[in-house]
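Undergrad: build the 3D model from these lines:
(one chain, ligands or ions: 1)
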Amino acid sequence: MLAAAELTALAERGGSPVGLRPVEGEDLFYILFTSGSTGTPKGVQITADCLDHFLDWSSQLGEGFPAEAPRVFLNQAPFSFDLSVMDLYTAFYTGGTLWTLPKEVQQDAAALFSSLERSGAQVWVSTPSFAEVCLADRRFDSALLPDMRLFLFCGETLQNATAQKLHSRFPGAKVINTYGPTESTVAITQVEITPALAAADEPLPVGATKPGTWLFIAGPEGEDLPEGERGEIVIVGDTVSSGYFGRPDLTARAFGTRRVAGVEYRLYRTGDKGYLRGGQLHYCGRLDLQIKLHGYRIELEDIEQNICRLPGVRGAVVLPQERDGTIRSLTAYVAADWPGERGFAASQRARGELAQFLPAYMIPKKFVFLDALPMTANGKVDRKALGGLAR
Ligand code: AMP
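TA: Got it, this is the predicted structure:
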């Protein structure tokens, strides 16, 4: 290992340390461990090329930033979560500044708002859940963050109501939704959520692909589905990971290759469900959140989306309740600003309002009202913790 002073001296002489060479091309740049659905984390290998292609795109998001005035990025995600690559590396790449919000600060409202006030942040990068936590406090607006120009979201469904609140509290800022798994290097689609899009009575799209990436929607046999049909989202392109570290078995299952315009690219089968319409990807939840209840096929996220359409609801998770290995009913965990309403009255209200949008078999039997939904260390809604609550 060379000391910093030695490295600086070498760089000044234009030399390169013996045995060291630049990390480039197919060299591994980082490995991020994501929780596997089996409970064993998987190490996602990201190459230098993947990161380069991602940064070429992420540094342009929102546009209109003068090159001579480096941006201040806000960091919410822990560095073990790939969302942080969006702020950490994009800040490095553009010569900007990173303002981090350590976990202890995020958990203490006074410390959080004091830190935000001092940040000078212009680009916000977080999960929608974290933005909702901040929006729950009236102080979260453009007076607190006067330089805020761009909200970038990834990792979870962005609700229309969240975007609408941001538009009204930060009239000078753009809201951009992005989508992607760690296996395709943070994000591969983007769309600006305009006030008109947020006001439309349908879930928000997650956007169009970045250059060098193509999306296919696969049917049950892996066949390409036509525009508009729902299936598994398959990502092909220049930011797809080279596979799982030390796990050729898992790599072979999820990854492959596909030729596009005469060039062979890596391919990743996401396990996410979605459809394409007019070049925009619409995310419809995980394939593994599809259940059968009394013979009906139900997408849990479909119910959650509809609960989130009810006025005053900030977030919702629906979980199946099993007995003897069979799903018997559904429980909804709801964070709502329904003053004074909790138990029976609130459940009746939710059921009544949901009946406008959902068939009876999709309306949860039980409703649990919470001040806030629990979050994982990454700032996403913690479905597992809610599962524990049910027992
Ligand atoms: P991670 O690898 O931890 O970044 O998680 C990736 C997963 O988060 C994706 O496979 C999706 O299931 C989900 N996800 C990412 N972006 C979005 C988005 N914009 N809307 C909804 N879900 C998303």
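Undergrad: partners of the helix or strand containing residue 270 in the sheet?
TA: In this assignment (DSSP states H and E), residue 270 forms part of strand 263-277. In the sheet, strand 263-277 lines up against strand 231-237 (antiparallel), strand 255-260 (antiparallel), strand 280-286 (antiparallel) (DSSP bridges).
Undergrad: okay, buried residues for it please.
TA: 265, 266, 267, 268, 269, 270, 272, 273, 274, 275, 276 (16 or more other Cβ atoms under 10 Å). The C-beta positions use only the backbone N, C-alpha and C, and glycine is treated the same way.
Undergrad: so how many other residues sit close to the residue nearest to the second one when sequence neighbours are not counted?
TA: Going back to what we said before, that points to residue 266. Nearest residue to residue 266, sequence neighbours excluded (Cβ to Cβ, 6 or more residues apart in numbering): residue 240, at 3.8 Å. Neighbour count of residue 240, defined by other Cβ atoms under 10 Å: 26.
Undergrad: mind checking the SS state of residue 240?
TA: Judged by DSSP: H, G, I helix; E, B strand; the rest coil, the three-state class of residue 240 is coil.
Undergrad: phi, psi for it please.
TA: Per-residue torsions, residue 240: phi -80, psi 130 (degrees, to the nearest 10).
Undergrad: how about the most centrally placed residue in the chain, what does it touch?
TA: Residue closest to the mean C-alpha point of the chain, counted by Cα atoms, centre = their mean, is residue 155 at 0.9 Å. By Cβ atoms under 8 Å, 6 or more residues apart in numbering, residue 155 lies in contact with 77, 81, 83, 127, 128, 378, 379, 380.
Undergrad: most neighbours of all those, which one?
TA: Counting neighbours by other Cβ under 10 Å, the top entry in those is residue 83, with 29 neighbours.
Undergrad: tally of neighbours for residue 313?
TA: That count, for residue 313 with other Cβ under 10 Å as the rule, works out to 20.
Undergrad: before we move on, back to that, closest to residue 364 among the buried residues of strand 263-277?
TA: For the buried residues of strand 263-277, the minimum distance to residue 364 (Cβ to Cβ) is 20.5 Å, reached by residue 273.
Undergrad: is that closest one in contact with residue 234, as I believe?
TA: No. Counting by Cβ atoms under 8 Å, residue 273 stays clear of residue 234, with 11.4 Å between them.
Undergrad: kindly export stretch 175-186 (C-alpha atoms) in PDB.
TA: Extracted as PDB, the C-alpha positions of stretch 175-186 are listed here (Å, rounded to 0.1, in the frame of the first residue of the first chain):
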ATOM      1  CA  VAL A 175     -39.500  15.600  -9.500                       C
ATOM      2  CA  ILE A 176     -38.000  12.700 -11.300                       C
ATOM      3  CA  ASN A 177     -38.900   9.100 -10.900                       C
ATOM      4  CA  THR A 178     -36.300   6.500 -11.800                       C
ATOM      5  CA  TYR A 179     -36.400   2.700 -11.700                       C
ATOM      6  CA  GLY A 180     -33.900  -0.100 -11.600                       C
ATOM      7  CA  PRO A 181     -32.500  -3.000  -9.500                       C
ATOM      8  CA  THR A 182     -28.900  -3.100  -8.100                       C
ATOM      9  CA  GLU A 183     -28.200  -5.700 -10.900                       C
ATOM     10  CA  SER A 184     -28.500  -3.000 -13.600                       C
ATOM     11  CA  THR A 185     -26.500  -0.400 -11.700                       C
ATOM     12  CA  VAL A 186     -28.900   1.700  -9.700                       C
END
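Undergrad: my read is residue 130 is in a helix, agree?
TA: Yes. Assessed by three-state DSSP, residue 130 belongs to a helix.
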